[in-house]
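>>> how would this look folded up:
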Amino acid sequence: MNKLSPNNKKIFLGTAMWGWVTKKPEVFSLLDEYAEQGQRLIDHATNYPINGISKDHGIGLDWLSEWLTANPSNDIEVLVKI
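Numbering: from 1, shown residues only. Presented below is the predicted three-dimensional model:
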């Protein structure tokens, strides 16, 4: 049983606030901690962050791609809604 998920239930890390409320250093720290806790499911969408500014859309996905490149893993699952 891991710390973030009692009874070994799977959870998703939500990313809707990345690039709006949550800045890049915090995102990388969250991802590090999430992965260290054994979690592997990440939820994202092409219109995130949900701040209503279209030029910001995709910044969180860019950051996630950057983090995944720096932290290669074959068991991280990313759900991207379009």
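>>> Quick check: the gap between Leu41 and Thr15.
11 Å (CB to CB, to the nearest Å). To be clear about C-beta, it is placed using only N, CA and C from the backbone, and glycine gets the same treatment.
>>> ok, the two, which is more surrounded?
Neighbour count, other CB atoms under 10 Å: between Leu41 and Thr15, Thr15 has more, with 25 against 13.
>>> Pull out the buried positions in the helix or strand where Asp43 lies.
Assignment of secondary structure by DSSP states H and E places Asp43 within strand 41-45. Residues of strand 41-45 classed as buried: Ile42, Asp43, His44, Ala45 (neighbour count, 16 or more other CB atoms under 10 Å).
>>> Spatially nearest residue to Ile59, not counting backbone neighbours?
Once flanking residues are discounted, Ile59 sits nearest to Gly19: 3.8 Å by CB to CB, 6 or more residues apart in numbering.
>>> residue contacts, the one you found?
Tyr48, Pro49, Asn51, Asp56, Ile59, Gly60, Trp63 (CB atoms under 8 Å, 6 or more residues apart in numbering).
>>> what do you get if the cut-off is 6 Å, keeping everything else the same?
Pro49, Asp56, Ile59, Gly60 (CB atoms under 6 Å, 6 or more residues apart in numbering).
>>> of all those, which two lie farthest apart?
Based on CB to CB, the longest span within the contacts of Gly19 runs between Asp56 and Gly60 and measures 8.8 Å.
>>> mean confidence for the helix or strand harbouring Asp32?
Taking DSSP H and E as the criterion, Asp32 maps to helix 24-36. For helix 24-36, the mean per-residue pLDDT is 97.
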